[in-house]
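Enquirer: Structure of the sequence below:
(chains A and B)
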Amino acid sequence: MTEHENGIFLQLNNISVVYSDVIQVLKGVSLSVEKHRIVSLLGSNGAGKTTTLKAISGLLKPENGKVTDGSISFDGSFIQNSSPEEITRKGIIQVLEGRQPFKYLTIEENLKVGTATRWTRPYKKDLDKVYDYFPALTKRRKSLAGYCSGGELQMLVMGRALMAHPRLLLLDEPSLGLAPLVVREIFRIIRRINEEQGTTIILVEQNANMALQIAHYGYVMENGKIVMEGEAPALRENPDVKEFYLGMSAGGKTRTYKDIKSYRRRKRWL
Amino acid sequence: MDFFIQLLVNGLSIGLLYGLSAMGFVMIFKSSSVLNFAHGELLAMGAFFFLVLTTWAGLPIYLAFLLTLAGSFVLGFAVERLFLRPLIGESLIFVIMLTVGLASIFKGILLFFFGGNLHTYPEFLPAGLGVQFGNVFIPPVYVASSFIGIVFLVLFGLFFKFSPQGIFMRSVADNQTAALSLGVHVKKVFALSWAIAAMVAGMSGIVLGVINGINVHEISAIGLKVFPVVILGGLDSIGGAIIGGIIIGLLETFTCGYISPSLRDVVPYAVLVCILLIKPYGLFGLAEIERV
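Expert: Residues are numbered from 1 along each chain as shown, chains lettered A, B, ... in the order given. From the prediction side, this is the model:
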């Protein structure tokens, strides 16, 4: 962990997560993230993607979950089961699934909460930066977040996270419930943030197609385990990923119900 | 007419105090969903602390007042730190029982030291503070309490609107998980809500003590009036607490003046029952924003 630049930034080493002492959700997940990269975490519902993110950000605790096994190291120190207050102050910020704005605060107040990890320092410049990334927020800065559209809220919560100067940004399904054009816009901005700020990003997505277009590396999860990993272009070409996550038949064409004899491939890793 | 104005002014100034102490109660409830049954005792603690500082220690009034505020602030902070923090994550009923227990303990301590008799503060408000309004005379106490009430209201308004801590407190009340994910110190926010709530309660305790004299049972009973107030205003609305307080204050003084003083303490609870039947979320409690 002494290599700088593009060394291992975050390392999950064989972690297990148990909720309420009985429900095991993660069964030995290992993954590593290099600096300045976008790593995508794919998988179906209930695969454990969100739990993995929460294990990293410390948000398991309020839900009565715990990392029972394995270790998580970030930038040289172990952070498994630390409190969210400590972890955020190391520079790991999670953008929660389903947007979760502060409904009764204005857009600008929402953004100000993003400075919680460094609240004595000035934030004027950061506000301008966020408005530059998300111009749609500029004209709504005085309105209550509860009255904004889904697209605006997604931009708001991402902007709020940027206010904290994250070194590692965890994005949980930023495309959830958004129109395709807005999704494209959001992904364009994610890539821009990664390129311009050098922010390392872990991107959890259902939309595997979009995610693999901007990610450098990808992991596929199923049933609380990592079942496949690889550079994004290689994953995009992988026949299993194509079949199960990109909705294409092995031949590369979109699968159709017209072909009566089509049968589902068996997942090779099962 | 003069009588009406007299009652109106008295009701308003008492109502402001109810509103302020209810605001403390609502702050605790909003940030940590704890119903604080020891709120009345926090008022009493403030009132007696002030009594000790003025009569026994003989400190000048404003110094005693500031010290009481500071002391109550520390008391609230300590209560959260020692008793409530270990219970974070436990079922709500335990936490509520804990506050009931705390109420008895505080009351017991006060009864032990001061007994159940009526105490009074030395006369300290200058008589010149009273306002003559045609035939209506507003006594100094009411002028002072309205003044203090309004000053505190404005201060808290500014605090919640503009200061970072105020914005963090509102964010925790709004969406605790999201606040945690951004690194807001949620526990510090809990502690601060308790501290501020206790401080405001202590302040109300002093003023009520000046108006009615100080008696452990009476002041803590007045503290329990936060319940009708917050039910009327809506349990999760700080603005509603203030307005609810003013309404209850006015109702009380008008009943006392026009009907019978013995009904005074009944009215708030009658209102509580009616509101629960008609509009259980209170006047301002329903403002849940639903996105369409």
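
Enquirer: Chain B contacts on the stretch 1-150 of chain A?
Expert: Those residues of the stretch 1-150 of chain A that sit near chain B, judged by Cβ under 8 Å from any Cβ of the partner chain, are A:57, A:59, A:62, A:64, A:84-85, A:88-89, A:93-96, A:100-105, A:109-110, A:112-117, A:119, A:144, A:146-147, A:150. Every C-beta, even on glycine, is put in place using the N, C-alpha and C of the backbone.

Enquirer: Which of those residues are buried, as a PyMOL select command?
Expert: Written as a PyMOL command, the selection of buried residues from those, which uses 16 or more other Cβ atoms under 10 Å in any protein chain shown, is:
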select buried, chain A and resi 57+59+62+84+85+88+89+93+94+95+96+100+101+102+103+104+105+109+110+112+113+114+115+116+117+119+144+146
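
Enquirer: For chain B, which segments are assigned as helices?
Expert: In order along the chain, chain B carries the following helices (DSSP state H): B:2-32, B:39-51, B:61-79, B:92-114, B:140-162, B:164-174, B:176-181, B:186-212, B:216-224, B:226-233, B:238-254, B:267-278.

Enquirer: Repeat that for chain A.
Expert: Listed from the start of the chain, chain A has helices (DSSP H) covering A:49-57, A:84-89, A:107-113, A:124-133, A:135-138, A:150-162, A:180-197, A:208-214, A:232-237, A:239-245.

Enquirer: For residue 212, give me its contacts.
Expert: Looking at chain A here, since you left the chain open. The neighbourhood of A:L212, defined by Cβ atoms under 8 Å, 6 or more residues apart in numbering or on different chains, consists of A:40, A:42, A:218, A:232, A:235-236, A:246.

Enquirer: To clarify, I was referring to chain B.
Expert: The contact partners of B:N212, by Cβ under 8 Å, 6+ apart, come to B:218, B:222.

Enquirer: Okay, it and B:R264: tell me how far apart.
Expert: From B:N212 across to B:R264, the span is 11 Å (Cβ to Cβ, to the nearest Å).

Enquirer: A:T115 too?
Expert: Distance from A:T115 to B:R264, counting by Cβ to Cβ: 49 Å.

Enquirer: Repeat that for B:F49.
Expert: 27 Å.

Enquirer: Between these two, which has more neighbouring residues?
Expert: When B:F49 and B:R264 are compared on other Cβ atoms under 10 Å in any protein chain shown, the one with more neighbours turns out to be B:F49, at 21 against 16.

Enquirer: Just give me the neighbour total for B:V141.
Expert: Taking other Cβ under 10 Å as the criterion, the count of residues near B:V141 is 18.

Enquirer: And for the one 10 residues further on?
Expert: Neighbour count for B:V151, taken as other Cβ under 10 Å: 10.

Enquirer: hang on, the earlier thing: any chance of the contacts of A:L212 in TSV, plus distance to A:T50 and neighbour count?
Expert: Shown next, in TSV, are the contacts of A:L212 (distance: Cβ to Cβ, whole Å; neighbours: other Cβ atoms under 10 Å in any protein chain shown):
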residue	distance to A:T50	neighbour count
A:S40	14	26
A:L42	13	26
A:G218	17	27
A:A232	21	19
A:L235	20	25
A:R236	23	18
A:L246	21	18
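
Enquirer: List just the nearest of the residues you listed to chain B.
Expert: Sorting the contacts of A:L212 by distance to chain B puts A:S40 at the head of the list, at 19.9 Å, by Cβ to the nearest Cβ.

Enquirer: surely that closest one meets A:L203?
Expert: Yes: counting by Cβ atoms under 8 Å, A:S40 does reach A:L203; the two are 4.7 Å apart.

Enquirer: intersection of neighbour lists for the two?
Expert: Counting by Cβ under 8 Å, 6+ apart, the shared contacts of A:S40 and A:L203 are A:211, A:215.

Enquirer: so where is the stretch 1-150 of chain B shaky, pLDDT-wise?
Expert: Low-confidence segments of the stretch 1-150 of chain B, defined by pLDDT under 70, are absent.

Enquirer: Kindly report the residues of it close to chain A.
Expert: Residues of the stretch 1-150 of chain B lying near chain A (Cβ under 8 Å from any Cβ): B:G89.

Enquirer: now with 10 Å?
Expert: The interface of the stretch 1-150 of chain B toward chain A, taken as Cβ under 10 Å from any Cβ of the partner chain, is made up of B:88-89.

Enquirer: and the residue of the stretch 1-150 of chain B found nearest chain A, backbone torsions?
Expert: In the stretch 1-150 of chain B, the residue that lies nearest chain A is B:G89 (7.5 Å; Cβ to the nearest Cβ). In this entry, B:G89 is assigned phi and psi values of phi 90, psi -10 (degrees, to the nearest 10).

Enquirer: Quick one: the contacts of A:L212 as CSV, columns for distance to A:E196 too.
Expert: As requested, the contacts of A:L212 are exported to CSV (distance: Cβ to Cβ, whole Å):
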residue, distance to A:E196
A:S40, 19
A:L42, 25
A:G218, 22
A:A232, 20
A:L235, 25
A:R236, 25
A:L246, 29
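
Enquirer: So which of the residues you listed is the closest to B:P280?
Expert: Closest approach between these and B:P280, by Cβ to Cβ: A:L42, at 45.7 Å.
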